[in-house]
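Student: using only what follows, build the 3D model:
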Amino acid sequence: MAAATYLDNSYAGTTRAKAVRRRRKPAAKAVAAKRTTPWWLSAVIFTAIFGMLLVSINYRAFTEMRDEASQNATLQTRVQSLMDENLQLQEEIHGLKTDPNVISREARRIGVSLETAKLGR
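Tutor: Numbers count the residues shown, from 1 in each chain. Prediction:
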């Protein structure tokens with residue numbers, strides 16, 4: 001009979017399990033009662049941090065894009081002025097090759113007479 005007493009602990013085990021369960025419930029309620037910040041506050045903080053991160057990344061990209069756009073505009077005006085200058089030089093070269101008035105004017109400008117230039121040929 002003594003062996004049966006040790007093997008059959010159903011009465012003691014159920015009482016003990018109920019007592020443990022009774023102790024746990026108040027502890028869970030106490031933890032919930034100790035929480036002083038509402039649950040939505042953590043969601044607001046997370047959303048705010050996420051929003052700040054998005055704003056900082058987008059602001060950096062926007063700043064770089066604006067700088068590149070202004071550099072692009074500067075380079076376009078420079079290319080246009082160089083193309084205009086190139087066109088003027090091409091017209092001047094064509095005039096020097098074909099127009100006798102331009103040839104004589106340039107010869108006088110550098111101090112060479114047209115007659116000596118013809119004799120030197």
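
Student: residue ranges in the chain under the pLDDT threshold?
Tutor: The chain contains residues with pLDDT under 70 at 1-35, 114-121.

Student: next helix or strand past the lengthiest helix in it?
Tutor: The helix spanning the most residues in the chain, taking DSSP state H as the definition, is helix 39-98. Next helix or strand after helix 39-98 toward the C-terminus (DSSP states H and E): helix 100-110.

Student: and that next one, what other elements does it pack with?
Tutor: Counting contacts by 3 or more C-beta pairs under 8 Å, 6 or more residues apart in numbering; DSSP states H and E, helix 100-110 is packed against helix 39-98, helix 114-119. Placement of C-beta: from N, CA and C, glycine included.

Student: restrict that helix to CA atoms and write it as CSV.
Tutor: Output of helix 100-110 as CSV, limited to C-alpha atoms (Å, rounded to 0.1, in the frame of the first residue of the first chain):
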residue,chain,number,x,y,z
PRO,A,100,38.5,88.6,-101.8
ASN,A,101,37.3,91.5,-99.6
VAL,A,102,37.8,89.5,-96.5
ILE,A,103,41.2,88.4,-97.7
SER,A,104,42.4,91.9,-98.4
ARG,A,105,41.0,93.2,-95.1
GLU,A,106,42.9,90.5,-93.1
ALA,A,107,46.0,91.1,-95.2
ARG,A,108,45.9,94.8,-94.2
ARG,A,109,45.3,93.9,-90.6
ILE,A,110,48.4,91.8,-90.3
